[in-house]
Each structure stands twice: as structure tokens, then as C-alpha cells.
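Q: okay, predicted coordinates and the sequence, questions at the end:
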Amino acid sequence: MIFLAVLGALLLEQVRPMPYPNAAVRAIRALAIWAAPYINAGMPKHGVWGWFALVVPLCVAVQGVCWLLADINVVLEWAWALVVLYFTMGFRQVSHYFTDIVRALRAGKWSDARAEIARWRQESQLEVEEGAVARLAIEEGLCAAHRFVFGPFFFAVLLGPVGAVLYRVSAILSECWSAKDRPELEHFARFAGTAFEWIDWLPSRLTATGFAVAGNFEDAFYCWRRQAASWPNRLNGAILASGAGALGVRLGGPLRRLAYVEERPELGVADEPDVESLDGTIGLIWRATVMWLIVILVIALARLTG
């Protein structure tokens, strides 16, 4: 059942891609932003209460509808799972950035490509050199594939549609309650960030494994083992290091902004990515997706046959 729902959601998204943020994401974001001032009293425990107060009711509601429809008709249960997954996963939600960057680079419009990557990363102060556009696009593409496809996919397989909701809502709260530019949320936001790290620990490693199997296996695991720990965000470090090795390109490196330069470690091998590497990234993501679908199908068939 869940395999058919995941497959249906991925196919439906190819026909009618969901804009991002979609209506469900906008509603959850608005609720999180609205609730924070009422719940936050400056102590870490208030962040814990706030996280559970938003996550648990949504998950219970989704699972409750699932149980209700399962008692009525299995087709209705599948349709509900399809709708939930359609709103919580899908690379096409953000892939237009990637497509626009590839188109601009092929046309030699470096300024348009730089503007698009800054818009994708939501960094107006970003200063991107020509040679770094493809590198940053691959980084964003690999991380977006994990956040919008593989992360909710793995949780859906483990827990059903409610798993995808748990993953997506946790990611939204971690983002909306981030204390990066809002020091008043420092203690309040701590649990949301930690909870998402716990939730994303296994999916990030499964995604990295998928990239390794779908690409250059030896280089991917070498980079993952030797380089991932040096990345500031270790979850993303595993994904990017494995993806860089699988593609045979170099990611990371210094990132210039108007006021300062962010020193980042290098990931992958020595080759500088180009436009062809962007096409290779899309191919890697699709191969990893198909591979995991086959794995889930085999497991489902094994269960059916006893």
C-alpha cells in the first residue's frame, strides 16, 4: 500500500508539480510563527512543549483519518496516503531553481545564474564567482533531494503517511524557530533543532548510501568516511560528501559574502563541477530514487509472499 502511495505521489508530482511552499506548508509555517511568542517564555522546556503541541495533534489527525478510511475502504486509505505524500514530498517543488540555473549557464548568462543561486539559498549578501555557481547548485540540489524526497520517503515507508508528516513538520519547525537571526529564540529553538537532527539521522545516511550505490561507490564511501565529519552540519555533510564522491566532483570551499568569507571544507574529489555535472546530479538523484523504490517493492513482495 505505502509503495503504491509513494509511487503515485512521485508520478503525480511529475504531471502536476506542487509549488513550494504549498498551502499545507504555508499553513504550518504561519501556525509556528504565530504560536512562538505565546509559548516562548525564554526557557528550553517551553520549546519542548511547543514542539509537541504542534507536532502531535497534526500527526494524530493524519493517522486518525488513515484508520477511519481503512475501516471504510482500502482504496480510500490509499487515496488519503497519496494526498498526504503529494503535499509532503517531491523534488519538483524546488527543482525549478536548478532548471533555471542550468539554462542560464548553458546560455552563458552568469549573472542570471548567480542571482538564481542566491535566491535559492535565500542569501541576498552572497557573492558567487563564476566557477562556484555549479558547485553551489549541486550542493543545494543534493540537499533539496534529501529534504523533499528521500527524508519523507523513508519515514513514510517506516510509519506510513504520518511518518512523512512528522518529518516535514519537524523540518518546518526547525527552520521557522531557528535562532540564527533571532537571538530571543535561542533557548526556545534548541529542542526543535535537536529533534530534527534526531529524526533526520537515519534518513540522511540512507540518502548518502543511495547516492553511493547509484554513483561511484568507492569514491562516495571514501569521501563520506573521511570528509563528512568536517562539514558544519554533519547530516548534510554525509549527503554532500557521498554525493560529491558519487559524481566525481569537488564541493564546498570558501563562500564569499559582502561582509566576510565563510571558510568551508572541501568535499569530494579534485574535479571542478561544470554544467554537465548538473545533468549528472539529476541523473544521480533519479537513479537513487528508482533504487530505493525497487528495494521497497522487493520488501513489500517478500511480506506478501510470507
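A: That came through, no problem.
Q: tally up the residues packed near F217, please.
A: F217 is flanked by 15 other residues according to other CB atoms under 10 Å. For every residue, glycine as well, the C-beta is placed using N, CA and C.
Q: phi, psi of it?
A: Dihedral angles phi and psi of F217 (degrees, to the nearest 10) take the values phi -60, psi -50.
Q: and what of R264?
A: Main-chain torsions, R264, degrees, to the nearest 10: phi -120, psi 150.
Q: which residues does the residue nearest to it when sequence neighbours are not counted bridge with?
A: Counting by CB to CB, 6 or more residues apart in numbering, R264 lies nearest to G252, which is 4.7 Å off, once chain neighbours are set aside. Counting by DSSP bridges, G252 forms beta bridges with E266.
Q: G252 contacts L240, correct?
A: Yes: at 7.2 Å, G252 and L240 qualify as touching, with contact defined as CB atoms under 8 Å.
Q: give the residues shared as contacts by these two.
A: Common contact partners of G252 and L240 (CB atoms under 8 Å, 6 or more residues apart in numbering): E139, W231, L267.
Q: what's the distance between the second one and F154?
A: In this view, W231 and F154 are 21 Å apart by CB to CB, to the nearest Å.
Q: show me which of these two is the more surrounded one.
A: Counted by other CB under 10 Å, W231 and F154 do not tie: F154 has more neighbours, with 24 against 19.
Q: contacts only, for that one.
A: Going by CB under 8 Å, 6+ apart, F154 touches G163, L202, P203, L206, T207.
Q: from R190, how far off is it?
A: Distance, F154 to R190, using CB to CB: 25 Å.
Q: kindly report the same for A229.
A: Distance, A229 to R190, using CB to CB: 22 Å.
Q: could you do A270 as well?
A: Counting by CB to CB - A270 and R190 are separated by 39 Å.
Q: same thing with E184?
A: To R190, E184 is 13 Å away according to CB to CB.
Q: again with G210
A: According to CB to CB, G210 stands 30 Å off from R190.
Q: and if you look at R135?
A: 32 Å.
Q: what about the stretch 101-250 of the chain, any weak spots by pLDDT?
A: Applying pLDDT under 70 to the stretch 101-250 of the chain flags residues 125, 130, 179-183.
Q: now do the phi/psi pair for Q122.
A: For Q122, the backbone dihedrals (degrees, to the nearest 10) come out as phi 60, psi 50.
Q: what about D271, which SS state?
A: When classified by DSSP: H, G, I helix; E, B strand; the rest coil, D271 comes out as coil.
Q: OK, contacts around the closest residue to it other than its chain neighbours?
A: Distances taken as CB to CB, 6+ apart put V249 closest to D271, at 5.3 Å, once the chain neighbours are dropped. Counting by CB under 8 Å, 6+ apart, V249 makes contact with R135, I138, G268, V269, D271, E272, P273, S277.
Q: between the residues you listed, which is closest to T88?
A: Checking those against T88 with CB to CB, the nearest one is I138 at 24.3 Å.
Q: now the strands for this protein?
A: When secondary structure is read from DSSP state E, the chain shows strands at 126-127, 250-252, 255-257, 261-262, 266-268.
Q: can you tell which of those strands is closest to Y222?
A: Short answer: strand 266-268, nearest of these by CB to CB, at 9.9 Å.
Q: wait, Q93 sits on R16?
A: No: contact criterion CB under 8 Å: Q93 and R16 do not qualify, at 11.6 Å.
Q: tell me the pLDDT at the closest residue in space to A9 that isn't next to it in sequence?
A: Using CB to CB, 6+ apart and skipping the chain neighbours, the partner closest in space to A9 is L85 (3.7 Å). What the model reports for L85 is a pLDDT of 94.
Q: between R135 and R190, who's got more neighbours?
A: More crowded of R135 and R190, by other CB under 10 Å: R135, with 26 against 15.
Q: that one: what's it in contact with?
A: V249, R250, L251, G252, G253, E272, P273.
Q: out of those, who's the most crowded?
A: L251 (28 neighbours).
Q: ok, now how distant is that one from S277?
A: 10 Å.
Q: with F154 instead?
A: 26 Å.
Q: residues near the closest residue to A118 other than its chain neighbours, how many?
A: Closest residue to A118 apart from its sequence neighbours, by CB to CB, 6+ apart: L126 at 4.4 Å. L126 is flanked by 20 other residues according to other CB under 10 Å.
Q: what separates stretch 188-208 from the chain centre, distance-wise?
A: In this view, stretch 188-208 has its centroid 11 Å away from the chain centroid, taken as CA atoms, centre = their mean, to the nearest Å.
Q: give the buried residues for that stretch.
A: 188-189, 191-193, 195-196, 199-200, 203-208 (16 or more other CB atoms under 10 Å).
Q: and stretch 205-221, by the same measure?
A: Quick answer for stretch 205-221 (16+ other CB under 10 Å): 205-216, 219-221.
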